[in-house]
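Student: Sequence isn't available, so here's the structure alone:
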């Protein structure tokens, strides 16, 4: 039997079972759990390599032929290290008709046993050796303000947005709402020309009939926002319509506590599922205790990225951002007090810990309205790094193996937001049957800058050099548009998400849309237990005087490798026996200036 060192093997074919790789310049490592390729039969493209006629490439099978379950692919990504909520493993990825068709071993079944997908005459190959592959990310809190957010999103690893808005109008600068049929139609028509998957939220304030007609117009969900009024009645009516039409409801709660306190908002929900935006509260919500919503099973809590992770600069940056985003006047004392009430270092510090415990399930941006669409992925991994540095390994993790923590954090911007908005059967993970929206990363750039972004099997954005050069790697090497962003390729490699009733009412034809429309579904049958790796419901309380966020002792158990008793000694204990979630702000972050000087 021929033997090869692990180092030589990884240089040739990428790392394999038992090997570890570092994620960017963070302190996080992933360890390969399994390898679905076959040693000695690896698929490799190039001169003198295996994927040639009569060897690993089959020359006789047509595109629709099958041998057993193996069929010819449109694209095969070879020897990919898949980083997904489902696992961290190595495999070939087969893509056909814009979807992930196979995950396993590629090759020529006439010569090799155990082939799951055929490399044939009709197959293109992307060499995945040495790269990490994640599902395209989702951002479920996008203000539909300007089209240039789309390439920024793609360059940050985001391929799907749940948005709302009308462009640079003041309502959209503050709220993610496309109100009424005209604006839902306008948003869908604009998305038809943009290389990203999109769905749009309508206004969630009003009586049932005017809310319902927005869903019929194609809105994929509803948004309740305090700037339009987040009253108990609005919450009840929006959820009532959502239950009838199977769409999601997102909420930005009442910072001023005008219509009631957090307990009144919770009561108005009546146990019905709702997606809570920026649960910490700096982005908006009942001051100071909206963070307590993490303890309820029917609330799907999310963060927006300006407070993630907590750093020495976080507090200083927020006041001016908030004044602009909510049309506040710095000359009006009440407006300044409104802004001040939302910025609390205690709850911001606790937010990171709640993410690490799996109590906050989703990451998003709040783009151009306090958040940054290109930093959803980056800030997630900065937070994971911070938590490992300050609190050690997650339960079950070990040296050079942060797999549990990594799965928890990748789920926050992939599968969980997809579940929350009823699109997880289409996007959110690298699984057979889902759209082939895949992001490739060089390990040294992981979490900061993708190598390429694939939309439904076609590259949309990629690191590429001077177009007039003799080879594609000549400087300046930057992210550039690829053919997936042009012509009919654009409309055939992205989709729009709409309500089922809107699709059935013929909005595709009425609005003259070219993209495929896919209906959201199962939005009302989920709860926090549906959130992968992030379903904890700690008994959190926020002190209204000190703003300290504290949990019970048993909430500290089964979180970290260090015993809960040891952790409890390091945390401040309250008079009623709870433990304050607190951590120092970061003074230096990974995935930061080192990657973005140029």
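Tutor: Received, thanks. None of these values were measured; they are calculated from a predicted model.

Student: Now do the same for residue 341: helix, strand or coil?
Tutor: helix (DSSP: H, G, I helix; E, B strand; the rest coil).

Student: now the one 5 residues further on
Tutor: Secondary structure of residue 346, reduced to three states by three-state DSSP: helix.

Student: wait, doesn't it sit right on residue 548?
Tutor: Yes. The criterion here is C-beta atoms under 8 Å, and residue 346 meets it with residue 548 at 5.3 Å. All C-beta spots, glycine's among them, are computed from the backbone N, C-alpha and C.

Student: which of the two has more neighbours?
Tutor: residue 548 (22 against 19; other C-beta atoms under 10 Å).

Student: follow-up on the earlier one: list the residues that contact both of residue 346 and residue 548?
Tutor: residue 582 (C-beta atoms under 8 Å, 6 or more residues apart in numbering).

Student: got the contact list for the residue positioned nearest the centre of the chain?
Tutor: Centroid check for the chain by C-alpha atoms, centre = their mean gives residue 413 as the closest residue, at 2.0 Å. Listed by C-beta under 8 Å, 6+ apart, the contact set of residue 413 reads 137, 138, 139, 158, 362, 363, 364, 376, 377, 380.

Student: which sections of the stretch 201-350 of the chain are below the confidence cut-off?
Tutor: For the stretch 201-350 of the chain, applying pLDDT under 70 flags the ranges 326.

Student: can you map out the strands along it?
Tutor: In the stretch 201-350 of the chain, the strands defined using DSSP state E, counting those that start in this stretch lie at 221-225, 248-252, 274-276, 299-304.

Student: what residues does the longest one touch?
Tutor: If I follow you right, that is strand 299-304. Strand 299-304 has contacts (C-beta under 8 Å, 6+ apart) with 140-141, 266, 269, 273-280, 283, 293-294, 351, 355, 359-366, 370-371, 416-417, 420, 526-528, 531.

Student: wait, residue 20 sits on residue 29?
Tutor: Yes. Using C-beta under 8 Å, residue 20 is in contact with residue 29, at 4.8 Å.

Student: hey, what's in contact with both of the two?
Tutor: The contact sets of residue 20 and residue 29 overlap at 400, 401 (C-beta under 8 Å, 6+ apart).

Student: Count the residues that sit near residue 168.
Tutor: The number of residues packed near residue 168 is 12, by other C-beta under 10 Å.

Student: Okay, buried residues for stretch 41-58 please.
Tutor: Neighbour-count burial for stretch 41-58, counted by 16 or more other C-beta atoms under 10 Å, picks out 41, 42, 43, 44, 45, 50, 51, 52, 55, 56, 57, 58.

Student: measure that stretch end to end?
Tutor: 14 Å (C-alpha to C-alpha, to the nearest Å).

Student: Secondary structure, distance to residue 385 and pLDDT added to the buried residues of stretch 41-58, as a markdown table?
Tutor: Output for the buried residues of stretch 41-58, formatted as a markdown table (DSSP: H, G, I helix; E, B strand; the rest coil; distance: C-beta to C-beta, whole Å; pLDDT from 0 to 100):
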| residue | secondary structure | distance to residue 385 | pLDDT |
| --- | --- | --- | --- |
| 41 | coil | 37 | 96 |
| 42 | coil | 32 | 97 |
| 43 | coil | 34 | 98 |
| 44 | coil | 33 | 98 |
| 45 | coil | 34 | 98 |
| 50 | coil | 38 | 97 |
| 51 | coil | 37 | 98 |
| 52 | coil | 43 | 97 |
| 55 | coil | 43 | 97 |
| 56 | coil | 39 | 98 |
| 57 | strand | 42 | 98 |
| 58 | coil | 44 | 98 |
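
Student: for residue 83, helix, strand, or coil?
Tutor: Put simply, residue 83 is strand when judged by three-state DSSP.

Student: In this structure it contacts residue 28, no?
Tutor: No. Contact criterion C-beta under 8 Å: residue 83 and residue 28 do not qualify, at 10.7 Å.

Student: intersection of neighbour lists for the two?
Tutor: residue 406.

Student: ok so, going back, if I look at the residue nearest to the centre of the chain, how far off is residue 576?
Tutor: Distance, residue 413 to residue 576, using C-beta to C-beta, to the nearest Å: 35 Å.

Student: Name the spans of the protein whose pLDDT lies under the cut-off.
Tutor: Regions of the chain meeting the criterion pLDDT under 70 cover residues 326.

Student: any idea of the angle the longest helix along it forms with strand 299-304?
Tutor: Scanning the chain for the helix with the most residues, using DSSP state H, yields helix 376-391. Put simply, helix 376-391 runs at 100 degrees to strand 299-304, going by axes from the mean of the first three to the mean of the last three C-alpha atoms, to 10 degrees.

Student: just checking, next helix/strand downstream of helix 376-391?
Tutor: helix 403-412 (DSSP states H and E).

Student: The helix or strand following that following helix - contacts with which helices or strands?
Tutor: Of the helices and strands lying after helix 403-412 in sequence (DSSP H and E), the nearest is helix 415-420. Applying 3 or more C-beta pairs under 8 Å, 6 or more residues apart in numbering; DSSP states H and E, one finds that helix 415-420 contacts strand 137-143, strand 299-304, strand 362-364.

Student: Can you list the strands that the last one pairs with?
Tutor: To tie it back to what came earlier, the one meant is strand 362-364. Strand 362-364 has its sheet partners listed here by DSSP bridges as strand 299-304 (parallel).

Student: between the strand it pairs with and strand 248-252, how big is the angle?
Tutor: Going by the same axes, to 10 degrees, strand 299-304 makes 60 degrees with strand 248-252.

Student: And strand 299-304, what's buried?
Tutor: 299, 300, 301, 302, 303, 304.

Student: now, which of those residues sits nearest residue 517?
Tutor: Nearest to residue 517 among those, counting by C-beta to C-beta, is residue 300 at 24.2 Å.
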